[in-house]
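Novice: I would like to see how this sequence folds:
(4 chains)
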2 protein chains.
Amino acid sequence: MKIREAALKSAGPSQRGNCAKRLSILDAAANVFCREGFSGASIDEIAVEACVSRQTIYNHYREKETLFTAVVDDVMDRANATLFSILATFPENSDNLEDDLTAFANRLTKNCLCNQDGRFLRRLVQTEGERYPHLFEAWRQHGPGKITTALAALFARLSHKGVLEIDDFDVAARQFLALVNADLQMITLFGDTPTQEQLESASRNAVRTFMRAYAHRKDDSTRSGVPLVVAG
Amino acid sequence: MKIREAALKSAGPSQRGNCAKRLSILDAAANVFCREGFSGASIDEIAVEACVSRQTIYNHYREKETLFTAVVDDVMDRANATLFSILATFPENSDNLEDDLTAFANRLTKNCLCNQDGRFLRRLVQTEGERYPHLFEAWRQHGPGKITTALAALFARLSHKGVLEIDDFDVAARQFLALVNADLQMITLFGDTPTQEQLESASRNAVRTFMRAYAHRKDDSTRSGVPLVVAG
DNA sequence: GTCAAATTAGACACCGTTGTCTAAATCGTC
DNA sequence: GACGATTTAGACAACGGTGTCTAATTTGAC
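Specialist: Next comes the predicted model:
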(Lines give C-alpha, C1' and ligand atoms only; values in the text may rest on other atoms or scores of the structure.)
Protein backbone atom coordinates (compact mmCIF):
# COMPACT_ATOMS: atom_id res chain seq x y z
CA MET A 1 0.00 0.00 0.00
CA LYS A 2 1.28 3.43 -0.92
CA ILE A 3 1.82 6.08 1.69
CA ARG A 4 -0.55 8.53 0.09
CA GLU A 5 -3.39 6.06 0.10
CA ALA A 6 -2.73 5.19 3.69
CA ALA A 7 -2.67 8.83 4.65
CA LEU A 8 -5.92 9.49 2.86
CA LYS A 9 -7.54 6.54 4.48
CA SER A 10 -6.37 7.23 8.00
CA ALA A 11 -7.33 10.88 7.66
CA GLY A 12 -10.88 9.79 7.04
CA PRO A 13 -13.64 12.18 6.04
CA SER A 14 -12.69 15.82 6.09
CA GLN A 15 -12.51 16.86 9.71
CA ARG A 16 -14.08 20.23 9.09
CA GLY A 17 -17.41 19.70 7.38
CA ASN A 18 -20.29 17.45 8.42
CA CYS A 19 -19.25 17.30 12.02
CA ALA A 20 -22.83 16.43 12.86
CA LYS A 21 -22.08 12.75 12.39
CA ARG A 22 -18.89 13.00 14.42
CA LEU A 23 -20.74 14.59 17.31
CA SER A 24 -23.55 12.10 17.05
CA ILE A 25 -21.05 9.26 17.22
CA LEU A 26 -19.17 10.79 20.13
CA ASP A 27 -22.39 11.31 22.01
CA ALA A 28 -23.72 7.83 21.44
CA ALA A 29 -20.34 6.27 22.17
CA ALA A 30 -20.13 8.14 25.46
CA ASN A 31 -23.50 6.78 26.49
CA VAL A 32 -22.74 3.22 25.50
CA PHE A 33 -19.24 3.19 26.97
CA CYS A 34 -20.63 4.62 30.18
CA ARG A 35 -23.43 2.08 30.31
CA GLU A 36 -21.52 -1.03 29.26
CA GLY A 37 -17.86 -0.29 29.90
CA PHE A 38 -15.21 -0.59 27.22
CA SER A 39 -15.30 -4.33 26.67
CA GLY A 40 -19.06 -4.52 27.01
CA ALA A 41 -19.76 -1.82 24.45
CA SER A 42 -20.18 -2.97 20.87
CA ILE A 43 -19.59 -0.84 17.81
CA ASP A 44 -22.92 -1.97 16.40
CA GLU A 45 -24.75 -0.73 19.46
CA ILE A 46 -23.02 2.63 19.19
CA ALA A 47 -23.84 2.81 15.49
CA VAL A 48 -27.51 2.16 16.10
CA GLU A 49 -27.68 4.70 18.93
CA ALA A 50 -25.89 7.28 16.77
CA CYS A 51 -28.20 6.58 13.80
CA VAL A 52 -25.11 5.92 11.71
CA SER A 53 -23.78 2.92 9.86
CA ARG A 54 -21.05 0.91 11.48
CA GLN A 55 -18.71 1.63 8.62
CA THR A 56 -18.97 5.37 9.20
CA ILE A 57 -17.62 4.90 12.69
CA TYR A 58 -14.66 3.00 11.30
CA ASN A 59 -14.16 5.73 8.71
CA HIS A 60 -13.88 8.45 11.34
CA TYR A 61 -12.10 6.50 14.07
CA ARG A 62 -9.86 3.70 12.93
CA GLU A 63 -10.74 1.30 15.69
CA LYS A 64 -12.62 0.92 18.94
CA GLU A 65 -9.69 2.05 21.02
CA THR A 66 -9.31 5.28 19.01
CA LEU A 67 -12.99 6.00 19.39
CA PHE A 68 -12.75 5.44 23.11
CA THR A 69 -9.89 7.85 23.66
CA ALA A 70 -11.58 10.40 21.40
CA VAL A 71 -14.70 10.19 23.53
CA VAL A 72 -12.70 10.57 26.71
CA ASP A 73 -10.82 13.57 25.35
CA ASP A 74 -14.03 15.18 24.19
CA VAL A 75 -15.85 14.76 27.46
CA MET A 76 -12.79 15.75 29.44
CA ASP A 77 -12.39 19.02 27.53
CA ARG A 78 -16.03 19.89 28.01
CA ALA A 79 -16.05 18.98 31.69
CA ASN A 80 -12.88 20.94 32.21
CA ALA A 81 -14.27 24.10 30.65
CA THR A 82 -17.47 23.81 32.65
CA LEU A 83 -15.59 23.26 35.86
CA PHE A 84 -13.44 26.31 35.22
CA SER A 85 -16.45 28.51 34.63
CA ILE A 86 -18.18 27.26 37.76
CA LEU A 87 -15.11 27.73 39.92
CA ALA A 88 -15.06 31.35 38.78
CA THR A 89 -18.36 31.87 40.58
CA PHE A 90 -16.96 30.97 43.98
CA PRO A 91 -18.25 33.51 46.52
CA GLU A 92 -15.08 35.27 47.55
CA ASN A 93 -16.74 38.39 48.85
CA SER A 94 -20.00 37.51 50.43
CA ASP A 95 -22.09 39.01 53.18
CA ASN A 96 -23.97 35.76 53.55
CA LEU A 97 -21.42 33.03 53.08
CA GLU A 98 -23.65 30.13 54.02
CA ASP A 99 -26.29 30.95 51.43
CA ASP A 100 -23.78 31.83 48.74
CA LEU A 101 -21.69 28.77 49.41
CA THR A 102 -24.84 26.67 49.22
CA ALA A 103 -25.70 28.14 45.86
CA PHE A 104 -22.14 27.52 44.72
CA ALA A 105 -22.31 23.90 45.84
CA ASN A 106 -25.56 23.63 43.98
CA ARG A 107 -23.98 24.88 40.77
CA LEU A 108 -21.04 22.56 41.27
CA THR A 109 -23.10 19.43 41.68
CA LYS A 110 -25.57 20.33 38.97
CA ASN A 111 -23.05 21.23 36.27
CA CYS A 112 -19.90 19.32 37.15
CA LEU A 113 -20.48 16.38 39.46
CA CYS A 114 -23.90 14.99 38.65
CA ASN A 115 -24.38 15.90 35.02
CA GLN A 116 -23.87 13.59 32.08
CA ASP A 117 -20.16 14.32 31.65
CA GLY A 118 -19.35 14.12 35.31
CA ARG A 119 -20.99 10.75 35.73
CA PHE A 120 -19.34 9.48 32.55
CA LEU A 121 -15.87 10.47 33.70
CA ARG A 122 -16.24 9.18 37.22
CA ARG A 123 -17.55 5.89 35.97
CA LEU A 124 -14.94 5.52 33.26
CA VAL A 125 -12.09 6.38 35.57
CA GLN A 126 -13.37 3.79 37.99
CA THR A 127 -13.93 0.98 35.52
CA GLU A 128 -11.12 1.58 33.02
CA GLY A 129 -8.68 3.58 35.13
CA GLU A 130 -6.39 0.64 35.72
CA ARG A 131 -6.44 -0.44 32.09
CA TYR A 132 -5.69 3.07 30.82
CA PRO A 133 -3.40 4.73 33.35
CA HIS A 134 -2.87 7.77 31.11
CA LEU A 135 -6.62 8.34 31.19
CA PHE A 136 -6.57 8.38 34.91
CA GLU A 137 -3.56 10.65 35.06
CA ALA A 138 -5.17 13.12 32.65
CA TRP A 139 -8.32 13.10 34.73
CA ARG A 140 -6.38 13.78 37.89
CA GLN A 141 -4.02 16.48 36.77
CA HIS A 142 -5.52 18.23 33.81
CA GLY A 143 -9.14 17.35 34.46
CA PRO A 144 -11.71 17.43 37.21
CA GLY A 145 -9.29 15.81 39.63
CA LYS A 146 -7.78 19.24 40.20
CA ILE A 147 -11.06 20.46 41.59
CA THR A 148 -9.75 19.69 45.06
CA THR A 149 -6.65 21.84 44.77
CA ALA A 150 -8.63 24.66 43.20
CA LEU A 151 -11.13 24.58 46.02
CA ALA A 152 -8.34 24.43 48.56
CA ALA A 153 -6.89 27.66 47.17
CA LEU A 154 -10.27 29.36 47.34
CA PHE A 155 -10.85 28.24 50.90
CA ALA A 156 -7.38 29.47 51.78
CA ARG A 157 -8.39 32.95 50.66
CA LEU A 158 -11.48 32.88 52.85
CA SER A 159 -9.42 31.62 55.72
CA HIS A 160 -6.84 34.37 55.40
CA LYS A 161 -9.65 36.86 55.38
CA GLY A 162 -10.73 35.45 58.68
CA VAL A 163 -14.11 34.33 57.42
CA LEU A 164 -13.25 30.69 57.89
CA GLU A 165 -10.99 28.90 60.35
CA ILE A 166 -9.15 26.22 58.43
CA ASP A 167 -5.86 24.65 59.31
CA ASP A 168 -5.51 22.23 56.39
CA PHE A 169 -6.98 23.64 53.19
CA ASP A 170 -6.65 20.42 51.21
CA VAL A 171 -8.47 18.43 53.84
CA ALA A 172 -11.18 21.08 54.00
CA ALA A 173 -11.60 21.00 50.22
CA ARG A 174 -11.89 17.23 50.15
CA GLN A 175 -14.35 17.33 53.01
CA PHE A 176 -16.43 19.99 51.28
CA LEU A 177 -16.72 17.81 48.20
CA ALA A 178 -17.38 14.73 50.27
CA LEU A 179 -20.14 16.47 52.20
CA VAL A 180 -21.72 17.75 49.01
CA ASN A 181 -21.76 14.21 47.66
CA ALA A 182 -22.91 12.64 50.90
CA ASP A 183 -26.61 12.79 50.16
CA LEU A 184 -26.21 12.24 46.43
CA GLN A 185 -24.11 9.10 46.31
CA MET A 186 -27.05 6.77 46.80
CA ILE A 187 -28.87 8.46 43.95
CA THR A 188 -26.04 8.68 41.46
CA LEU A 189 -25.13 5.08 42.18
CA PHE A 190 -28.38 4.12 40.52
CA GLY A 191 -27.36 6.04 37.42
CA ASP A 192 -30.15 8.54 37.95
CA THR A 193 -29.65 12.27 37.90
CA PRO A 194 -30.82 13.89 41.12
CA THR A 195 -33.74 16.26 40.98
CA GLN A 196 -33.27 19.95 41.64
CA GLU A 197 -34.82 19.51 45.08
CA GLN A 198 -32.40 16.75 45.93
CA LEU A 199 -29.47 18.85 44.76
CA GLU A 200 -30.55 21.80 46.84
CA SER A 201 -31.17 19.71 49.89
CA ALA A 202 -27.79 18.04 49.57
CA SER A 203 -26.00 21.37 49.14
CA ARG A 204 -27.82 22.88 52.09
CA ASN A 205 -26.99 20.00 54.41
CA ALA A 206 -23.39 19.94 53.27
CA VAL A 207 -22.70 23.64 53.64
CA ARG A 208 -24.49 23.78 56.95
CA THR A 209 -22.22 21.15 58.43
CA PHE A 210 -19.17 22.59 56.71
CA MET A 211 -19.86 26.01 58.19
CA ARG A 212 -20.54 24.57 61.60
CA ALA A 213 -17.10 22.98 61.48
CA TYR A 214 -15.13 25.75 59.83
CA ALA A 215 -16.91 29.06 60.36
CA HIS A 216 -15.03 31.59 62.44
CA ARG A 217 -16.48 31.63 65.93
CA LYS A 218 -16.61 35.12 67.26
CA ASP A 219 -17.89 34.32 70.73
CA ASP A 220 -15.23 31.77 71.53
CA SER A 221 -12.62 33.96 73.18
CA THR A 222 -11.00 31.31 75.34
CA ARG A 223 -10.07 29.15 72.38
CA SER A 224 -6.42 28.58 73.14
CA GLY A 225 -5.76 25.27 71.48
CA VAL A 226 -8.45 23.52 73.48
CA PRO A 227 -10.97 22.09 71.04
CA LEU A 228 -14.67 22.46 71.58
CA VAL A 229 -14.94 18.76 71.98
CA VAL A 230 -16.83 17.43 74.90
CA ALA A 231 -15.23 14.87 77.09
CA GLY A 232 -18.43 13.71 78.65
CA MET B 1 -29.59 -17.11 50.48
CA LYS B 2 -26.46 -18.70 51.78
CA ILE B 3 -23.99 -20.19 49.40
CA ARG B 4 -23.81 -23.45 51.31
CA GLU B 5 -27.55 -24.00 50.98
CA ALA B 6 -27.34 -23.39 47.28
CA ALA B 7 -24.50 -25.85 47.05
CA LEU B 8 -26.65 -28.51 48.64
CA LYS B 9 -29.23 -28.15 45.93
CA SER B 10 -26.86 -27.98 43.02
CA ALA B 11 -26.24 -31.18 41.13
CA GLY B 12 -22.51 -30.59 41.13
CA PRO B 13 -19.85 -32.52 42.99
CA SER B 14 -20.57 -33.32 46.62
CA GLN B 15 -20.15 -30.14 48.58
CA ARG B 16 -18.67 -31.70 51.70
CA GLY B 17 -15.06 -32.61 51.22
CA ASN B 18 -13.64 -30.65 48.36
CA CYS B 19 -14.83 -27.22 49.31
CA ALA B 20 -11.27 -26.03 48.82
CA LYS B 21 -11.85 -25.86 45.07
CA ARG B 22 -15.16 -24.07 45.50
CA LEU B 23 -13.57 -21.45 47.71
CA SER B 24 -10.65 -21.10 45.37
CA ILE B 25 -13.02 -20.56 42.46
CA LEU B 26 -15.13 -18.05 44.38
CA ASP B 27 -12.05 -16.16 45.43
CA ALA B 28 -10.53 -16.03 41.97
CA ALA B 29 -13.86 -15.17 40.38
CA ALA B 30 -14.33 -12.29 42.79
CA ASN B 31 -10.96 -10.88 41.82
CA VAL B 32 -11.50 -11.24 38.10
CA PHE B 33 -15.08 -9.94 38.14
CA CYS B 34 -13.92 -6.99 40.20
CA ARG B 35 -11.02 -6.28 37.88
CA GLU B 36 -12.73 -6.84 34.54
CA GLY B 37 -16.43 -6.50 35.19
CA PHE B 38 -18.92 -9.20 34.24
CA SER B 39 -18.62 -9.06 30.47
CA GLY B 40 -14.88 -8.52 30.55
CA ALA B 41 -14.18 -11.49 32.79
CA SER B 42 -13.53 -14.79 31.06
CA ILE B 43 -14.01 -18.21 32.58
CA ASP B 44 -10.58 -19.24 31.40
CA GLU B 45 -8.98 -16.39 33.27
CA ILE B 46 -10.85 -17.33 36.42
CA ALA B 47 -9.84 -20.94 35.99
CA VAL B 48 -6.16 -20.05 35.67
CA GLU B 49 -6.30 -17.75 38.68
CA ALA B 50 -8.07 -20.42 40.72
CA CYS B 51 -5.59 -23.11 39.62
CA VAL B 52 -8.49 -25.18 38.40
CA SER B 53 -9.58 -26.50 35.05
CA ARG B 54 -12.31 -24.65 33.21
CA GLN B 55 -14.53 -27.71 33.27
CA THR B 56 -14.46 -27.82 37.08
CA ILE B 57 -16.00 -24.37 37.16
CA TYR B 58 -18.77 -25.53 34.88
CA ASN B 59 -19.26 -28.58 37.06
CA HIS B 60 -19.81 -26.51 40.19
CA TYR B 61 -21.64 -23.55 38.68
CA ARG B 62 -23.69 -24.25 35.59
CA GLU B 63 -22.86 -21.05 33.77
CA LYS B 64 -21.13 -17.72 34.09
CA GLU B 65 -24.23 -16.03 35.43
CA THR B 66 -24.64 -18.60 38.20
CA LEU B 67 -21.03 -18.19 39.20
CA PHE B 68 -21.42 -14.45 39.30
CA THR B 69 -24.42 -14.46 41.60
CA ALA B 70 -22.75 -17.08 43.79
CA VAL B 71 -19.74 -14.81 44.15
CA VAL B 72 -21.92 -11.84 44.98
CA ASP B 73 -23.90 -13.81 47.57
CA ASP B 74 -20.72 -15.11 49.14
CA VAL B 75 -19.04 -11.73 49.41
CA MET B 76 -22.23 -10.08 50.56
CA ASP B 77 -22.69 -12.57 53.41
CA ARG B 78 -19.13 -12.10 54.56
CA ALA B 79 -19.25 -8.32 54.31
CA ASN B 80 -22.54 -8.28 56.15
CA ALA B 81 -21.22 -10.32 59.04
CA THR B 82 -18.12 -8.17 59.33
CA LEU B 83 -20.13 -4.98 59.24
CA PHE B 84 -22.38 -6.25 61.98
CA SER B 85 -19.46 -7.10 64.22
CA ILE B 86 -17.83 -3.73 63.64
CA LEU B 87 -21.03 -1.83 64.33
CA ALA B 88 -21.19 -3.60 67.67
CA THR B 89 -18.01 -1.79 68.69
CA PHE B 90 -19.54 1.66 68.33
CA PRO B 91 -18.48 3.74 71.35
CA GLU B 92 -21.78 4.32 73.06
CA ASN B 93 -20.33 5.10 76.46
CA SER B 94 -17.09 6.91 76.05
CA ASP B 95 -15.17 9.37 78.15
CA ASN B 96 -13.19 10.45 75.11
CA LEU B 97 -15.61 10.40 72.22
CA GLU B 98 -13.29 11.94 69.64
CA ASP B 99 -10.57 9.34 70.14
CA ASP B 100 -12.99 6.45 70.40
CA LEU B 101 -14.96 7.58 67.38
CA THR B 102 -11.73 7.90 65.44
CA ALA B 103 -10.78 4.37 66.35
CA PHE B 104 -14.24 3.22 65.35
CA ALA B 105 -13.96 4.98 62.00
CA ASN B 106 -10.61 3.33 61.58
CA ARG B 107 -12.09 -0.11 62.16
CA LEU B 108 -14.95 0.66 59.81
CA THR B 109 -12.76 1.71 56.91
CA LYS B 110 -10.22 -1.00 57.46
CA ASN B 111 -12.61 -3.92 57.74
CA CYS B 112 -15.72 -2.85 55.83
CA LEU B 113 -15.12 -0.03 53.40
CA CYS B 114 -11.59 -0.42 52.08
CA ASN B 115 -10.98 -4.13 52.34
CA GLN B 116 -11.23 -6.63 49.52
CA ASP B 117 -14.93 -7.35 49.96
CA GLY B 118 -15.92 -3.74 50.36
CA ARG B 119 -14.17 -2.66 47.21
CA PHE B 120 -15.58 -5.61 45.31
CA LEU B 121 -19.14 -4.83 46.30
CA ARG B 122 -18.90 -1.11 45.68
CA ARG B 123 -17.36 -1.69 42.29
CA LEU B 124 -19.81 -4.38 41.30
CA VAL B 125 -22.83 -2.40 42.39
CA GLN B 126 -21.54 0.49 40.37
CA THR B 127 -20.74 -1.39 37.19
CA GLU B 128 -23.42 -4.08 37.17
CA GLY B 129 -26.06 -2.50 39.36
CA GLU B 130 -28.22 -1.49 36.46
CA ARG B 131 -27.94 -4.87 34.77
CA TYR B 132 -28.80 -6.76 37.95
CA PRO B 133 -31.28 -4.66 39.92
CA HIS B 134 -31.87 -7.44 42.45
CA LEU B 135 -28.16 -7.34 43.27
CA PHE B 136 -28.39 -3.67 43.97
CA GLU B 137 -31.50 -4.05 46.05
CA ALA B 138 -29.91 -6.79 48.13
CA TRP B 139 -26.88 -4.61 48.68
CA ARG B 140 -29.00 -1.70 49.77
CA GLN B 141 -31.47 -3.37 52.08
CA HIS B 142 -29.90 -6.55 53.37
CA GLY B 143 -26.27 -5.62 52.83
CA PRO B 144 -23.84 -2.84 53.57
CA GLY B 145 -26.25 -0.28 52.25
CA LYS B 146 -27.95 -0.35 55.63
CA ILE B 147 -24.81 0.95 57.26
CA THR B 148 -26.27 4.43 57.05
CA THR B 149 -29.44 3.62 58.94
CA ALA B 150 -27.51 1.66 61.53
CA LEU B 151 -25.15 4.55 62.10
CA ALA B 152 -28.07 6.96 62.26
CA ALA B 153 -29.57 4.95 65.10
CA LEU B 154 -26.29 4.96 66.98
CA PHE B 155 -25.85 8.69 66.56
CA ALA B 156 -29.40 9.19 67.73
CA ARG B 157 -28.48 7.51 71.00
CA LEU B 158 -25.52 9.82 71.48
CA SER B 159 -27.69 12.77 70.62
CA HIS B 160 -30.34 11.83 73.14
CA LYS B 161 -27.64 11.51 75.74
CA GLY B 162 -26.68 15.08 74.99
CA VAL B 163 -23.20 14.21 73.85
CA LEU B 164 -23.93 15.26 70.29
CA GLU B 165 -26.23 17.89 68.86
CA ILE B 166 -27.83 16.36 65.80
CA ASP B 167 -31.12 17.36 64.25
CA ASP B 168 -31.19 14.91 61.34
CA PHE B 169 -29.61 11.57 62.23
CA ASP B 170 -29.71 10.21 58.70
CA VAL B 171 -27.93 13.23 57.32
CA ALA B 172 -25.35 13.02 60.09
CA ALA B 173 -24.73 9.34 59.36
CA ARG B 174 -24.28 9.98 55.66
CA GLN B 175 -21.97 12.87 56.40
CA PHE B 176 -19.94 10.78 58.81
CA LEU B 177 -19.39 8.16 56.14
CA ALA B 178 -18.69 10.79 53.51
CA LEU B 179 -16.12 12.47 55.72
CA VAL B 180 -14.43 9.18 56.48
CA ASN B 181 -14.17 8.49 52.77
CA ALA B 182 -13.11 12.01 51.86
CA ASP B 183 -9.38 11.40 52.07
CA LEU B 184 -9.58 7.81 50.86
CA GLN B 185 -11.51 8.19 47.65
CA MET B 186 -8.50 9.20 45.59
CA ILE B 187 -6.61 6.17 46.86
CA THR B 188 -9.32 3.57 46.49
CA LEU B 189 -10.10 4.88 43.03
CA PHE B 190 -6.71 3.55 41.97
CA GLY B 191 -7.66 0.13 43.25
CA ASP B 192 -5.02 0.33 45.95
CA THR B 193 -5.69 -0.43 49.57
CA PRO B 194 -4.77 2.50 51.80
CA THR B 195 -1.95 2.06 54.27
CA GLN B 196 -2.63 2.02 57.97
CA GLU B 197 -1.24 5.55 58.24
CA GLN B 198 -3.59 6.79 55.54
CA LEU B 199 -6.54 5.12 57.22
CA GLU B 200 -5.70 6.68 60.56
CA SER B 201 -5.15 10.09 59.09
CA ALA B 202 -8.44 9.94 57.20
CA SER B 203 -10.33 8.84 60.28
CA ARG B 204 -8.76 11.54 62.41
CA ASN B 205 -9.55 14.30 59.93
CA ALA B 206 -13.08 13.04 59.47
CA VAL B 207 -13.97 12.71 63.14
CA ARG B 208 -12.36 16.03 63.96
CA THR B 209 -14.57 17.86 61.51
CA PHE B 210 -17.59 15.77 62.45
CA MET B 211 -17.15 16.63 66.11
CA ARG B 212 -16.58 20.29 65.33
CA ALA B 213 -19.92 20.30 63.57
CA TYR B 214 -21.93 18.11 65.88
CA ALA B 215 -20.33 18.14 69.32
CA HIS B 216 -22.36 19.78 72.02
CA ARG B 217 -21.02 23.32 72.41
CA LYS B 218 -20.20 24.44 75.86
CA ASP B 219 -20.58 28.13 75.05
CA ASP B 220 -24.08 27.73 73.65
CA SER B 221 -25.99 28.66 76.77
CA THR B 222 -29.40 28.67 75.12
CA ARG B 223 -29.42 24.90 74.89
CA SER B 224 -30.96 22.87 77.71
CA GLY B 225 -28.63 19.94 77.36
CA VAL B 226 -26.97 17.70 79.84
CA PRO B 227 -24.34 19.49 81.89
CA LEU B 228 -20.90 19.03 80.51
CA VAL B 229 -17.68 17.96 82.04
CA VAL B 230 -14.71 19.57 80.44
CA ALA B 231 -11.59 17.56 80.18
CA GLY B 232 -8.93 18.87 82.47
C1' DG C 1 -26.77 18.26 -13.66
C1' DT C 2 -22.05 16.79 -12.47
C1' DC C 3 -18.72 14.91 -9.79
C1' DA C 4 -16.21 13.83 -5.87
C1' DA C 5 -16.60 12.84 -1.25
C1' DA C 6 -19.17 10.66 2.23
C1' DT C 7 -22.32 7.25 3.78
C1' DT C 8 -24.56 2.90 3.70
C1' DA C 9 -25.72 -2.13 3.64
C1' DG C 10 -24.08 -6.42 3.34
C1' DA C 11 -20.86 -10.02 3.17
C1' DC C 12 -16.69 -11.68 4.89
C1' DA C 13 -12.54 -13.59 7.59
C1' DC C 14 -10.75 -13.72 12.03
C1' DC C 15 -10.67 -14.15 16.84
C1' DG C 16 -12.06 -14.90 21.59
C1' DT C 17 -15.57 -16.70 24.61
C1' DT C 18 -19.20 -19.73 26.18
C1' DG C 19 -20.79 -24.05 27.13
C1' DT C 20 -20.72 -29.19 25.81
C1' DC C 21 -18.67 -33.49 25.25
C1' DT C 22 -15.42 -37.31 25.86
C1' DA C 23 -11.77 -39.94 27.44
C1' DA C 24 -8.06 -40.07 30.48
C1' DA C 25 -6.08 -39.07 34.96
C1' DT C 26 -6.44 -38.27 39.80
C1' DC C 27 -8.36 -38.35 44.44
C1' DG C 28 -10.54 -40.25 48.59
C1' DT C 29 -12.19 -43.96 50.99
C1' DC C 30 -12.58 -48.56 51.98
C1' DG D 1 -5.29 -52.41 45.45
C1' DA D 2 -10.24 -51.32 44.17
C1' DC D 3 -13.79 -48.34 43.00
C1' DG D 4 -16.70 -44.47 42.57
C1' DA D 5 -16.47 -39.63 42.51
C1' DT D 6 -14.01 -35.81 40.97
C1' DT D 7 -10.90 -33.33 38.16
C1' DT D 8 -8.51 -32.56 33.97
C1' DA D 9 -7.09 -31.62 29.09
C1' DG D 10 -8.49 -31.17 24.71
C1' DA D 11 -11.54 -30.88 20.94
C1' DC D 12 -15.71 -28.99 19.44
C1' DA D 13 -19.84 -26.09 17.71
C1' DA D 14 -22.25 -21.91 18.33
C1' DC D 15 -22.18 -17.19 18.93
C1' DG D 16 -20.99 -12.45 18.97
C1' DG D 17 -17.74 -8.92 18.19
C1' DT D 18 -13.97 -6.56 15.47
C1' DG D 19 -12.25 -4.85 11.47
C1' DT D 20 -12.04 -5.15 6.17
C1' DC D 21 -13.83 -4.99 1.74
C1' DT D 22 -16.92 -3.89 -2.06
C1' DA D 23 -20.53 -2.05 -4.48
C1' DA D 24 -24.42 0.84 -4.32
C1' DT D 25 -26.46 5.04 -2.70
C1' DT D 26 -26.70 9.62 -0.90
C1' DT D 27 -24.92 14.09 -0.02
C1' DG D 28 -23.00 18.59 -1.02
C1' DA D 29 -20.51 22.01 -3.65
C1' DC D 30 -19.91 23.86 -8.11
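
Novice: ranges for the strands of chain A?
Specialist: Under the criterion DSSP state E, chain A carries no strands.

Novice: how many neighbours does residue A:164 have?
Specialist: 21 (other C-beta atoms under 10 Å in any protein chain shown). Glycine gets a C-beta too; all of them are placed from N, C-alpha and C.

Novice: what do you get for residue A:112?
Specialist: Residue A:112, neighbours per other C-beta under 10 Å, totals 21.

Novice: repeat for the one 10 residues further on
Specialist: Neighbour count of residue A:122, defined by other C-beta under 10 Å: 18.

Novice: next one: residue A:57
Specialist: Neighbour tally, residue A:57, other C-beta under 10 Å: 24.

Novice: pretty sure it contacts residue A:43?
Specialist: Yes. At 5.9 Å, residue A:57 counts as touching residue A:43 under the criterion of C-beta atoms under 8 Å.

Novice: who touches both of the two?
Specialist: residue A:67 (C-beta atoms under 8 Å, 6 or more residues apart in numbering or on different chains).

Novice: could you pull out the buried residues of the biggest helix by length in chain A?
Specialist: Scanning chain A for the longest helix, with DSSP state H as the assignment, gives helix A:64-87. Using 16 or more other C-beta atoms under 10 Å in any protein chain shown as the test for burial, helix A:64-87 gives A:64, A:67-68, A:70-72, A:74-76, A:79-80, A:82-83, A:86-87.

Novice: ok, those residues vs residue A:30, which is closest?
Specialist: residue A:71 (5.1 Å; C-beta to C-beta).

Novice: so the longest helix of chain A, near DNA strand C or not?
Specialist: No. Interface with DNA strand C: helix A:64-87 contributes nothing (C-beta under 7 Å from any atom of the strand), its closest point being 13.3 Å away.

Novice: who touches that helix?
Specialist: A:25-26, A:29-30, A:33, A:38, A:41, A:43, A:46, A:57, A:61, A:104, A:107-108, A:111-112, A:115, A:117-118, A:120-121, A:124, A:132, A:135, A:138-139, A:142-144, A:147, A:150-151, A:154.

Novice: report the buried members of those.
Specialist: Buried, going by 16+ other C-beta under 10 Å: A:25-26, A:29-30, A:33, A:38, A:41, A:43, A:46, A:57, A:61, A:104, A:107-108, A:111-112, A:117-118, A:120-121, A:124, A:132, A:135, A:138-139, A:143-144, A:147, A:151, A:154, out of the contacts of helix A:64-87.

Novice: what about stretch A:151-169, start to end distance?
Specialist: 8 Å (C-alpha to C-alpha, to the nearest Å).

Novice: quick check: mean pLDDT of it?
Specialist: Throughout stretch A:151-169, pLDDT has a mean value of 96.

Novice: one more: stretch A:112-132?
Specialist: Stretch A:112-132 comes out at a mean pLDDT of 89.

Novice: can you tell if it touches DNA strand D?
Specialist: No. Stretch A:112-132 lies out of reach of DNA strand D by C-beta under 7 Å from any atom of the strand, never closer than 14.2 Å.

Novice: tell me if that stretch is near DNA strand C.
Specialist: No. For stretch A:112-132, no contact with DNA strand C is found by C-beta under 7 Å from any atom of the strand; the gap never falls below 13.7 Å.

Novice: pull the distance from that stretch to the chain's centre.
Specialist: Remark: stretch A:112-132 is offset 8 Å from the chain centroid, using C-alpha atoms, centre = their mean, to the nearest Å.

Novice: before we move on, back to that, off-centre distance for the longest helix of chain A?
Specialist: 10 Å.

Novice: show me where chain A has its helices.
Specialist: A:3-11, A:19-40, A:43-49, A:54-60, A:64-87, A:97-108, A:116-128, A:133-141, A:147-160, A:169-182, A:185-190, A:196-214.

Novice: give me the distance between the spatially most central residue of chain A and residue A:111.
Specialist: The structure's chain A has its C-alpha centroid closest to residue A:118; by C-alpha atoms, centre = their mean the separation is 3.9 Å. Residue A:118 sits 8 Å away from residue A:111, going by C-beta to C-beta, to the nearest Å.

Novice: break chain A down into its domains, please.
Specialist: A:1-62, A:69-232 (automatic domain parsing).

Novice: output the below-cut-off pLDDT ranges for chain A.
Specialist: A:1-18, A:144, A:218-232 (pLDDT under 70).

Novice: let's see it at 90
Specialist: A:1-21, A:122-146, A:186-192, A:216-232 (pLDDT under 90).

Novice: show me which residues of chain A sit near DNA strand D.
Specialist: Counting by C-beta under 7 Å from any atom of the strand, chain A sits next to DNA strand D at A:17-18, A:41-45, A:54-55, A:58, A:62-65.

Novice: could you redo the last one with a cut-off of 10 Å?
Specialist: A:1, A:9-10, A:14, A:16-18, A:20-21, A:32, A:36, A:38-47, A:53-59, A:61-68 (C-beta under 10 Å from any atom of the strand).

Novice: could you count how many residues lie near residue A:133?
Specialist: Residues lying near residue A:133 (other C-beta under 10 Å) number 11.
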